[in-house]
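**Student:** What shape does this take:
(4 chains)
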Protein chains: 2
Amino acid sequence: MGESKPRRRGEQLERAILEAAWEELNEVGYAGVTIEAVAARAGTSKPVIYRRWANRAELVLAAWGRQSPMRPDFKDTGTLRGDLMALFGAIAHRADRMMGSMIAGVMGETFRHPEMAALLQERLKSPPMVQVIQKIIDRAVARGELAPVTVSPRAGRVPLDLIRNESMLCRTPVPDSTIAELVDEVYLPLLRGLQPNN
Amino acid sequence: MGESKPRRRGEQLERAILEAAWEELNEVGYAGVTIEAVAARAGTSKPVIYRRWANRAELVLAAWGRQSPMRPDFKDTGTLRGDLMALFGAIAHRADRMMGSMIAGVMGETFRHPEMAALLQERLKSPPMVQVIQKIIDRAVARGELAPVTVSPRAGRVPLDLIRNESMLCRTPVPDSTIAELVDEVYLPLLRGLQPNN
DNA sequence: TCACATAAGAAACGCAACGTACTTTAAAGG
DNA sequence: CCTTTAAAGTACGTTGCGTTTCTTATGTGA
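**Tutor:** Model prediction:
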């Protein structure tokens, strides 16, 4: 066999596997991902994968972890509503159909592999979100749109939670109309209600 | 063989299967449910199940459908906050860990069986919720706790969505402290923010 | 009352993927 | 250069799927 493909190792191989896993995930969803297909796509074999991750859920979480985290751009749209629409839109854009499938899939396996629950939860807590929202609020306060407000961690997580919920249920990209509803009928009222003079 | 167990048919058999499926679901979670185990528990065989439901997701949804829907008791606790705590608590009580596993599992299969997405969504829309919340609000208005407010369908779904989200992520029964957070830091402010004089 | 249509029960199948074990072979490192 | 490491490849037993085939109990209606 003259064909001797250079044999990859360590970091390089691992990256190839995780990329293959991510692509599979996007094509067939969590339930459709098989270790064998990932191995084939990465041009490697099952044992190589099993040496690194104990099961599908771990592999998928690792593949997810390699994807660059959301970097919400702070560009000022000039209004509180505009900023919120942009933020919600950015979240929704990331939380597309595949995301829902993945979260659902991993979650579905936490009965068999309870240790995954913690990993998944940690991944979903998304700490930077509160700061982003606080920044948006501070700008609105500076504009005079809002009385000074501080959001609790819980209130800060609401946008992410609501959009994740929506995108998991709907399976399709969250439509703009839904984003507008969430902003106009939920989050803007919530922020107004948090103002001290109530 | 003197042992001739009476052979069940139709409705009776179907009920036995769905009950067995529900019990399996509660014991091992969606990912752990196997048609074979359900058949064994119901004292029947696989073909009998496959003759009725095309796959695990359909069977599980059917089993879920037999469970009595939530009947939120309207008992007046005397305060808006008390009523909301009771409502959120009732939702959380139903949306226990198994619920999360089931929703996640069915959702995870919507890649393979897209037709399930619609069924699941319909099941989750939970129409009566808005009326319940509106009733709670009206009582608060009558008490003078709140200026008159009407909640949009979207705002009315928020409690259910947030608690479902929470219970899916946490895997454990939603603790009272979380329910209090959702009421005090999210939903009460939201209702205040919806008042017209803002 | 009996014959027939229906559907339950049971066993086995081929398939796919799991997760593991074992061998061979290429690369890395002292 | 020689040893160690681990990747590639193969094969295995297991499980559950969804299906097929067959037998047999049950309810219906002639």
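**Student:** Using PDB, write out every CA atom in stretch A:151-163.
**Tutor:** This file holds the C-alpha atoms of stretch A:151-163, laid out as PDB (Å, rounded to 0.1, in the frame of the first residue of the first chain):
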ATOM      1  CA  VAL A 151     -30.800  43.300  37.400                       C
ATOM      2  CA  SER A 152     -30.400  40.300  39.600                       C
ATOM      3  CA  PRO A 153     -28.600  37.300  38.200                       C
ATOM      4  CA  ARG A 154     -31.900  35.600  37.800                       C
ATOM      5  CA  ALA A 155     -33.500  38.500  35.900                       C
ATOM      6  CA  GLY A 156     -30.300  38.700  33.800                       C
ATOM      7  CA  ARG A 157     -30.700  35.100  32.700                       C
ATOM      8  CA  VAL A 158     -34.300  35.500  31.600                       C
ATOM      9  CA  PRO A 159     -33.500  36.500  28.000                       C
ATOM     10  CA  LEU A 160     -31.300  33.500  27.500                       C
ATOM     11  CA  ASP A 161     -33.700  31.200  29.200                       C
ATOM     12  CA  LEU A 162     -36.700  32.300  27.200                       C
ATOM     13  CA  ILE A 163     -35.000  32.200  23.900                       C
END
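**Student:** could you point out which element follows the helix or strand of chain A with the lowest mean pLDDT?
**Tutor:** Considering only helices and strands, the least confidently modelled element of chain A by mean pLDDT, DSSP states H and E is helix A:97-108, at a mean of 78. Counting by DSSP states H and E, the next helix or strand C-terminal to helix A:97-108 is helix A:115-125.
**Student:** can you tell if that next one touches DNA strand C?
**Tutor:** No - figure legend: helix A:115-125 not in contact with DNA strand C (Cβ under 7 Å from any atom of the strand); closest approach 11.8 Å. To be clear about C-beta, it is placed using only N, CA and C from the backbone, and glycine gets the same treatment.
**Student:** residues of whatever helix or strand comes next after that helix that come out buried?
**Tutor:** Toward the C-terminus, helix A:115-125 is succeeded by helix A:128-143 as the next helix or strand (DSSP H and E). Of the residues in helix A:128-143, those buried under the neighbour-count criterion (16 or more other Cβ atoms under 10 Å in any protein chain shown) are A:129-130, A:132-133, A:136-137, A:139-140.
**Student:** Break down chain A into its helices, ranges please.
**Tutor:** According to DSSP state H, chain A carries its helices in the segments A:10-32, A:35-42, A:46-50, A:56-66, A:80-94, A:97-108, A:115-125, A:128-143, A:153-170, A:176-181, A:188-194.
**Student:** which one of these lies closest to B:E27?
**Tutor:** Between B:E27 and these, the tightest spacing by Cβ to Cβ is seen for helix A:97-108, at 14.9 Å.
**Student:** Quickly check: that closest one near DNA strand D or not.
**Tutor:** No - with Cβ under 7 Å from any atom of the strand as the threshold, helix A:97-108 lies outside contact range of DNA strand D, at a closest distance of 13.4 Å.
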